[in-house]
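Here is my input, please return the structure:
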Amino acid sequence: MQHRIHRHDHHRRSYRSDSFPLHSIDDDDDNDNDGSMARGRSHVDQPYRDDANADADDDEQARLLDADAGASTKHPTRQDQRQRNRRRRFFSLFSKPRTATSAQGRTIPLGHPSASHPRNLIRNQKYTPLTFLPLVLYEQFKFFFNLYFLLVALSQFIPALKIGFLATYIAPLSFVLAVTMGKEGWDDWERWKRDGEANASGYEVLRARQGGDPDAAGRREDLEAGARRAPHTRSYRATLPSSKIRVGDFVVLHKNQRVPADLVLLKTWAGDQQPLREGTRGADAREEEERDERFVLDDDDDDDGEGEDNPKHAASKAAEARVEDPQAGGTCFIRTDQLDGETDWKLRVAIDVTQRMSESDIASLALQPGRATIYAGPPIKDIHTFVGTFTLNPPTREPNSATPVATLIDDPSSRDDPSSRDIPLDAQPSVAPLTAENLLWANTVLAAGSAIGLVVYTGPETRAVLNTQSPTTKVGLLDLEINRLSKILCAVTFALSVGLVALNGFRGQWWVYIFRFLILFSSIIPISLRVNLDMGKTVYARQIQGDEEIPGTIVRTSTLPEELGRIEYLLSDKTGTLTQNEMELRKLHLGTMSYGWDTMDEVATQLRHALGASNANGNGETPAKSPGVSASATQQFFPLGSAGATGGAGGRRDMSSRVRDVVLALALCHNVTPVSNADGSTTYQASSPDEVAIVRWTESVGLSLVERTRTSMKLRSHSDGALISFDILEVFPFTSESKRMGIVVRDRSGGSSGGVDFYQKGADVVMSRIVASNDWLDEECGNMAREGLRTLVVGRKRLSEAAWRSFEDKYRQTRVQASLGLRAGKNAGGVQRVIAEHLEQDLELLGVTGVEDKLQEDVKSTLELLRNAGIKVWMLTGDKIETATCIAISSKLVSRGQYIHQVAKLGQQQAAPAAATSTSTRFSTDLPPQQHMDSDAAVRDLLAFLRSNLSCCLVIDGDSLSLCMTPPYRDDFISLATQLSAVVACRCSPTQKADVARQIRHFTRKRVACIGDGGNDVSMILAADVGLGIVGKEGMQASLAADFSLVQFSHVTKLLVWHGRNSYKRSAKLAQFVIHRGLIISIIQAVFSAIFYFAPIALYQGWLMVGYATVYTMAPVFSLVLDRDVSEDLALLYPELYRDLTKGRSLTAKTFASWLAISVYQGGAIMLLSLYLFEAEFLNIVAISFTALVLNELVMVALEITTWHVYMVMSEVATLAVYVGSMSVLPEYFGEWSEA
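Have a look, this model is predicted:
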């Protein structure tokens, strides 16, 4: 059997020889069928296993697999495990999974899954099977409107209170409840299916194979035949569903796979490469490879194949020591559009130590408890921050069986002496700091290649879950207003009932009479009101979806169309909502020369001239036009160490060399990585779209990026195809605090100055203090900002080898100290200080770029129209403050001449408020870092400034916003901010966006709409009164969570100004008319009872009451949903008309009182005139008064119509005809009067 199993493995390996061993693990956590499913899979993997021994083998397999993972406890029996799972599933029917998160950090041993943390479950359901009915009924009957109908319907089961047909009370309420419950149940069922698919998604986890008993090893060999493992491997991969992943697991990810939990990135490799592993060579060769790979940092040859004896090697020895294994780059890209709303790929970096290990080495870390640990801070919401360390302790067994630490660490002290690389250093624990760049957040997607990560947070503790909220049931403001009116009408009904009984002297069973009068007058609050309003909402939804001018609009919540007419605050995302997220470099300024988008061909010409001049100064020869030009030839072609071409006796550089320098700086100073597609094209990926735009621009003018790894970069000149190679020595990524990005590179050609250059680009507010003094930077940056361009200042500083070594040693020491300081809860700002002291001093100013972020179609006109309609627009974005400011200007969110007040890092680095009397757009600038202010004083100064400058636009970052939203200042800040015409909040997390929406709703009691297009906008959309989702590049998540789905931002105009207006005006008129219809018949009943001895007897019984609310009046009254008070063109031409809607004047106490007075007058007049004029026909008084009532309603509908529709005419005529015809069909109600 064993021989046949091995043949089966060999056959399976034959069609997937490039894959790593896989293994499947299942348990009974999810459903009762898991056991049978596991047995079914085991038959596939082991076709020769006897069915009778299936359960025993499954238990043995689970025990052995746990032993391989280092489990030290006895594995529970299958019966115990099933009982425990059944108990868990039973209690899960009543409650959702635990959502509380730990407030403390955690130390995680690598490869040791822990069950002490929350399960990795995704659950977005609102209900459980046992809570569905109670919660749905509670949501319906918590409103007095529905509760009143329920009590009236239940009263009809009491014989003494029964009046009329039971169906007239039960059927409408049952219909409404059935529709509501069906919709809620279907929505939750869909959420359950989506959650189930996500939780069942299979992921590969890495396990270490533990040696031991030969018999046990033999059994494992049989049991794990389906794993398709290669011989002699020390690790294997097992497939687990997402819900089974635990903190401490090694997870293997592949291209386009969703990240199931928050992971620390340990190792990456390209998609067409395999990770280092054993089993592919003989034992001796493998042992030698491990020794070379794991104990010695080999000096990899560079692109030219030159060895240590080459002089160039000594100059670049430090950089080459950083080169990783050629099979792995140590970096990967992830797509975070569903987390932070940005469509650009984000670069993530693996831990340097684990990156150099083979996959088996990583898995074997689990075999020695405490060998490697990761400290992770407590779960927080901030997706831009992570505090943690990676610790690798000395091995506890033979040197040849584990990977020594010292040889894997990039220790600067070992670089000076090449011989030291062959001698292991003292075995000391090593600590490496971890940042957000080392993390893969849950719900992101691995964009390319494969990766191994360690799980640090699961389930409710992941950043994605912490930044979302559970779906809630939204109720429209009109429904709340009608609910309040219902309470008033109920009080009127009770007062009227008690009054009639009191006038009769409380005779007999007066308490029964009161209840009978209450039921007789229940038509004052007609249940048909709920039916009519719900049907009206359906009509509005169909009209919105059928509007050809806003195609693709979908109404997902049909209960809120009236809310579209009451919006006063619109909170909008930026990327993908206001902008297309497509960047283009539009302007380049070099101080004495400025190039616009129409003169970029001149830049290309100047660059070609500079390259030719540089080559002529070298040796007078032109390099061959071949992609294979060596790096040594680039010294003649592109000397970094020289000052470039000269012009004049004074050695002043000409314009061509200045163009060359700035283009080179832009081509090097970025985090862009070129990705080759299957069709041979190249795609640029980066964490910022403006970086991609700049690299594309350098390509268009003649210098393209062709290759980039963690440690190297290659450029190609279009003039002759020559390759220029650089070593990347250090990268300083952009942060919201630093507002700049830097890179240190070494030209592999050497150059006259050693070839080490520091390039930096960033916002003008910080770069102006870093670059050398000049007299044009501030003015030109202001000019570009007024044009709505994103400005970046570019600078350069050349470093000697000694200066670079001094900085690098200090920088590495400070990083470790900073990480330990953060772990201890201390503020570690030493890293930035080291960079500022050694590098950021008197940089040579090369130029300023202006990048345009293309706006969505008609965004400017849409924002202007919304502003005229009285809607205040807030822009909430996760982007940096400079970018958001530029978009606010270019989109006309900020009106021309409006003052912009920027607030960043409030209480730490307070922006200096300038006088708000300027007539042009100006920016407040940051004070130097040493000028700190107390947080309380800073916030109070900001509030004082806003009180005196309510006409300004406030631009505030997320940290400052959080400080202002704390209880001591929250009310004052919201009070002032809601009075501003525009507010821009930057660097906002998804939770912050939702908090802003909730605070505005709570403080102002006004209607708030939120619009976005990414998964990071879902929380904001759910927190708003009306959620608007745009279907865009960031997927469908926002659209699916929204109440209304749009195709583009400009469709908001018609949705609010036209459809919102109609929905609100029509529903307000319809509600009041239905109430009038119930009031008037109740007044007639009251007059009748008062005249006839206060008897609680129904005047209109049976089919008359049924027909009155349906066939006799329903069609004409419901036709009011087609009425419109103004034309569409007029509503869009004068958006100021929308301001009146937000005041809610269509349904107020005043309008209600007027309809109440009309009802009392008309009801009394109909009854009294019927008795007076038709005294001789007293026996037919029912038919006479009822006919007058129906005709009165038809006339009132005609008088209320503003714009006639053909359906309105048809409903009036048809209703009258039906009534006349029913007089002959129902003679028992109309009697002789109908025959006459």
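
Touching, Gln545 and Ser558? I think so.
No - applying CB atoms under 8 Å, one finds Gln545 not in contact with Ser558, separated by 10.2 Å. C-beta coordinates here come from the backbone N, C-alpha and C atoms, glycine included.

check contacts around Leu503.
1090, 1094 (CB atoms under 8 Å, 6 or more residues apart in numbering).

And it, how far from Trp510?
Distance, Leu503 to Trp510, by CB to CB, to the nearest Å: 11 Å.

any idea what Val706 is structurally, helix, strand or coil?
strand (DSSP: H, G, I helix; E, B strand; the rest coil).

That one: what's it in contact with?
Val706 touches 674, 682, 714-716, 723, counting by CB under 8 Å, 6+ apart.

if you set the cut-off to 6 Å instead, what comes out?
714, 716 (CB atoms under 6 Å, 6 or more residues apart in numbering).

From Pro379, how far out is it?
From Val706 to Pro379 the distance is 41 Å (CB to CB).

do the same with Arg1005
Counting by CB to CB, the gap from Arg1005 to Pro379 is 34 Å.

quick one: which of the two has more around it?
Neighbours of Arg1005 and Pro379, each counted by other CB atoms under 10 Å, are more numerous for Pro379; the result is 23 against 9.

Looks like that one contacts Thr462 (just checking).
No - Pro379 is not in contact with Thr462 according to CB atoms under 6 Å; the separation is 7.6 Å.

Could you give the number of residues near Cys1010?
Neighbours around Cys1010, by other CB under 10 Å: 32.

that's a strand at it, yeah?
Yes - judged by three-state DSSP, Cys1010 forms part of a strand.

what's the closest non-adjacent residue to it?
Ala1024 (3.7 Å; CB to CB, 6 or more residues apart in numbering).

ok, the one you found touching Ala997?
Yes - using CB under 6 Å, Ala1024 is in contact with Ala997, at 5.0 Å.

joint contacts of the two?
1008, 1010.

between these two, which one's more packed in?
Ala1024 (29 against 25).

which ones are touching the more buried one?
Applying CB under 6 Å, 6+ apart, the residues near Ala1024 are 997, 1008-1010.

next one: Ala884
Going by CB under 6 Å, 6+ apart, the list of residues near Ala884 reads 877, 984, 986.

How is the second one classified with respect to secondary structure?
What it means is Val984. strand.

these two touch, right, it and Leu876?
No - using CB under 6 Å, Val984 makes no contact with Leu876, being 8.1 Å away.

got the buried residues for stretch 683-691?
Neighbour counts over stretch 683-691 (16 or more other CB atoms under 10 Å) mark 684-691 as buried.

Please flag which of those sit within helices.
For the buried residues of stretch 683-691, the ones inside helices are 689-691, with DSSP state H as the criterion.

Dump these to a markdown table, plus pLDDT and distance to Val1111.
Below are those laid out as a markdown table (pLDDT from 0 to 100; distance: CB to CB, whole Å):
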| residue | pLDDT | distance to Val1111 |
| --- | --- | --- |
| Pro689 | 78 | 61 |
| Asp690 | 81 | 65 |
| Glu691 | 86 | 68 |
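
With distance to Ser800 as added columns, please give these in a markdown table.
Formatted as a markdown table, these follow (distance: CB to CB, whole Å):
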| residue | distance to Ser800 |
| --- | --- |
| Pro689 | 36 |
| Asp690 | 32 |
| Glu691 | 29 |
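
Quick check: can you list the domain ranges of this structure?
Domain assignment for the chain by the TED database gives 102-120+245-271+328-394+429-467, 473-546+1054-1229, 569-578+856-907+934-1046, 586-613+656-819+831-852.

among those domains, which is nearest Glu190?
Between Glu190 and the domains of the chain, the tightest spacing by CB to CB is seen for domain 569-578+856-907+934-1046, at 9.4 Å.

max-length helix in the chain?
helix 167-199.

quick one: buried residues of that one?
In helix 167-199, counting by 16+ other CB under 10 Å, buried: 168-170, 172-173, 176-177, 180-181, 184, 187-188, 191-192, 195, 198-199.

Repeat that for stretch 1095-1115.
1096, 1098-1100, 1103-1109, 1112-1115.

again, but for stretch 506-519
513-519.

ditto for stretch 376-392
Buried, per 16+ other CB under 10 Å, within stretch 376-392: 376-377, 379-380, 382-383, 386-392.

List the ones among those that fall in strands.
376, 388-392 (DSSP state E).

For the contacts of Ala1024, which two are the farthest from each other?
Ala997 and Ala1009 (9.1 Å).

Next one: Ile881 relative to Ile1083, how far apart?
From Ile881 to Ile1083 the distance is 63 Å (CB to CB).

now the residue nearest the centre of the chain: how far from Val1047?
The chain has Asn1016 as the residue nearest its centroid, 1.1 Å off, counting by CA atoms, centre = their mean. Using CB to CB, Asn1016 is found at 20 Å from Val1047.

burial of Ala772, as a residue count?
Residues near Ala772, counting by other CB under 10 Å, number 11.

can I assume it is in contact with Glu840?
No - taking contacts as CB under 6 Å, Ala772 lies outside contact range of Glu840: 11.8 Å.

And the pLDDT at Ala1071?
Ala1071 is assigned 92 on the pLDDT scale.

Give the other helices and strands that the helix or strand hosting it contacts.
Using DSSP states H and E, the element containing Ala1071 is helix 1061-1091. The helices and strands touching helix 1061-1091, judged by 3 or more CB pairs under 6 Å, 6 or more residues apart in numbering; DSSP states H and E, are helix 477-503, helix 528-545, helix 1149-1173.

circling back: surely the residue nearest to the centre of the chain meets Thr991?
No - Asn1016 is beyond contact range of Thr991, at 9.8 Å (criterion: CB under 6 Å).

hmm, back to that, and after the longest helix of the chain, which helix or strand comes next?
strand 202-208.

Show me which residues of that following strand are buried.
So for strand 202-208, counting by 16+ other CB under 10 Å, buried means 203-208.

Closest one of the residues you listed to Lys1150?
Nearest member of the buried residues of strand 202-208 to Lys1150, counting by CB to CB, is Tyr203, at 62.6 Å.

How confident was the prediction at the closest one?
pLDDT, read off for Tyr203, is 93.

before we move on, what about Phe1088?
Predicted confidence (pLDDT) at Phe1088: the value is 88.

so is the closest residue to it other than its chain neighbours in a helix, a strand, or just coil?
Excluding its sequence neighbours, the residue lying closest to Phe1088 (CB to CB, 6+ apart) is Leu1099, at 4.6 Å. Classification of Leu1099 using three-state DSSP returns coil.

you'd agree Leu1099 is up against Ala1090?
No - the criterion here is CB under 6 Å, and Leu1099 misses it with Ala1090 at 11.6 Å.

those strands in the stretch 751-900 of the chain, which residues are they?
756-762, 790-799, 844-855, 872-876, 900-903 (DSSP state E, counting those that start in this stretch).

Does anything pack onto the fourth one? Which helices or strands?
It stands for strand 872-876. strand 567-572, strand 982-986.
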